[in-house]
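*Asks:* Dropping a prediction and its sequence here:
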Amino acid sequence: MESQIESKIYRVIDANLNRYKEGIRVVEDILRYGFDNKDISLKLKNLRHKANLKSSLEFIKFRDAQNDALKPTLNLELKRENLNSLITANLKRAQESSRVLEECFKLFDAQISEIFKNARYELYTVEKEILKLNL
């Protein structure tokens with residue numbers, strides 16, 4: 001792969017590693033501190049830690065937050081209807097990011113791609129568990 005294209009993909013990976021961890025962290029903290037739910041909090045923590053890759057520092061070199069084309073906040077992102085919509089939005093964020101990571105890592109490392117594929121399915125399961133709680 002050409003190095004210029006590689007750097008673009010590394011930027012995509014960096015952004016999605018952050019998005020994945022951030023989305024999970026929001027839900028993890030709500031379940032942990034807001035509802036003292038140790039089981040789901042631990043599942044989320046374990047999922048978040050799957051994104052702690054040895055190569056993460058390599059991807060940061062390609063970060064360009066200043067020039068992010070969608071950096072300004074969209075109006076629909078400014079408000080959440082309730083706690084469930086907050087949780088759902090952040091789980092979707094993590095699920096979508098895990099899909100992007102799964103696809104991008106197919107170019108470099110099939111094992112890491114599988115990690116994010118499995119994480120996405122685990123997130124679907126955790127989302128269902130959380131929705132059953134009726135928070």
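*Replies:* Perfect, I can see it now. Numbering: from 1, shown residues only.

*Asks:* C-alpha only now, for contacts and for neighbours.
*Replies:* Will do.

*Asks:* Next, name the residue at the spatial heart of this structure.
*Replies:* Nearest to the mean C-alpha position of the chain, by Cα atoms, centre = their mean, lies Tyr20 at 1.1 Å.

*Asks:* ok, now which ones touch it?
*Replies:* Shown in contact with Tyr20 (Cα atoms under 8 Å, 6 or more residues apart in numbering): Arg48, Ala51, Arg93, Ala94, Gln95, Ser97, Ser98.

*Asks:* Assign the first one to helix, strand or coil.
*Replies:* Spelled out, it's Arg48. helix (DSSP: H, G, I helix; E, B strand; the rest coil).

*Asks:* Same question for the second one.
*Replies:* Three-state assignment for Ala51 (three-state DSSP): coil.

*Asks:* Among the contacts of Tyr20, which lie within helices?
*Replies:* Taking DSSP state H, the ones among the contacts of Tyr20 that sit in helices are Arg48, Arg93, Ala94, Gln95, Ser97, Ser98.

*Asks:* how far away is Glu129 from Glu96?
*Replies:* Per Cα to Cα, to the nearest Å, Glu129 is found 18 Å from Glu96.

*Asks:* In terms of neighbours, single out the busier of those two.
*Replies:* Neighbour comparison, Glu129 and Glu96: the larger count goes to Glu96, with 16 against 12 (by other Cα atoms under 10 Å).

*Asks:* Which residues does the helix or strand bottoming out on mean pLDDT in the chain contact?
*Replies:* Counting by mean pLDDT, DSSP states H and E, the chain has its least confident helix or strand at helix 56-60, which shows a mean of 80. For helix 56-60, the surrounding residues in contact (Cα under 8 Å, 6+ apart) are Tyr10, Arg11, Ile13, Asp14.

*Asks:* That's all I had, so thanks and see you.
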